[in-house]
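**Q** Fold the following, please.
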Amino acid sequence: MPRISSLISIAVHVIVIGGAILWSIVAPDTLPSPRSVLAFTDFTRITLPDIPLPPARRAQEKPIATAPDSAAPTEAPDRIAPEPTRSTAAGPSTGTGPDIPGPEIGLPGNVPGAVVTLAPPPPPQQPVRLHSGMQPPTKLVHVNPVYPTVAQATRVEGVVILEAIIDARGIVESVRVLRSIRLLDQAAIDAVKQWRFTPTRLNGEAVPIVMTVTVNFRLN
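**A** Numbers count the residues shown, from 1 in each chain. Alright, predicted model coming up:
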């Protein structure tokens, strides 16, 4: 019995479902109307107000330097200021005070304010050794050496040989010992330094020379 009722229930459900399917196929179906596209055009237009731009920043104006008034004074001054002294860097001063400039030298036209550079003096001429191609100087002044008392007492005698530098005027500048006798050297040097000669010339020009001289010490 329950089995029969189940079959009946199933059959009823099949009929109902089949009828619904058949009706959905046969009956005309009304399609839903689509939403209007104009719905997207309903936005409200927003108008932005015109915002004025800020004014341009003006550059800071610098004060204009005004030239000092060069107009002549209308009133007489109380005193007269002394005039500034002129610099004497261009030449040595020959005046009696610091405010008296001396003459400027070495510039044609006496250009003020120019610096004059003087050429250095020429280097001293080196003495040359007396040789056969030169005429030896003539001795003008001769001074005998003073015989030392100690050398006389000890009976010391002999020849001292010296090298003398004679300048272009014939004056003995310096002397050094080449052959020494200890007790007689200084007496020989003192005597030779007092000798005077004629100038020695080379190609017609007076020159300093180096000459070897001898001083003989003899006991009576």
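
**Q** Can you name the residues bridging to the closest residue to residue 173 other than its chain neighbours?
**A** Nearest non-adjacent residue to residue 173, counting by C-beta to C-beta, 6 or more residues apart in numbering: residue 165, 4.7 Å away. C-beta here means a position set from N, CA and C on the backbone, and glycine is covered the same way. Beta bridges link residue 165 to residue 174, residue 210, judged by DSSP bridges.

**Q** what's near enough to touch residue 165?
**A** By C-beta atoms under 8 Å, 6 or more residues apart in numbering, the contact set of residue 165 is 127, 172-175, 208-210.

**Q** As a check, name the ranges of all helices in this protein.
**A** 2-26, 149-153, 185-192 (DSSP state H).

**Q** Which one of those lies nearest to residue 138?
**A** Closest approach to residue 138 among those (C-beta to C-beta): helix 185-192, 15.6 Å.

**Q** Give me the mean pLDDT for the closest one.
**A** Here helix 185-192 scores 96 as its mean pLDDT.

**Q** Give me the below-cutoff pLDDT ranges for the chain.
**A** The model of the chain has pLDDT under 70 over residues 1-3, 23-24, 26-117, 122.

**Q** again, only this time at 80
**A** Residue ranges of the chain with pLDDT under 80: 1-7, 9, 11-13, 16, 18-125, 131-133, 135.

**Q** hey, where'd the strands end up in it?
**A** Secondary structure of the chain (DSSP state E): strands located at 128-129, 139-141, 158-166, 172-179, 196-197, 200-202, 205-207, 209-217.

**Q** Can you lay out those strands as TSV showing distance to residue 121?
**A** As requested, the strands of the chain are exported to TSV (distance: least, C-beta to C-beta, whole Å):
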stretch	distance to residue 121
strand 128-129	20
strand 139-141	29
strand 158-166	20
strand 172-179	18
strand 196-197	25
strand 200-202	21
strand 205-207	18
strand 209-217	22
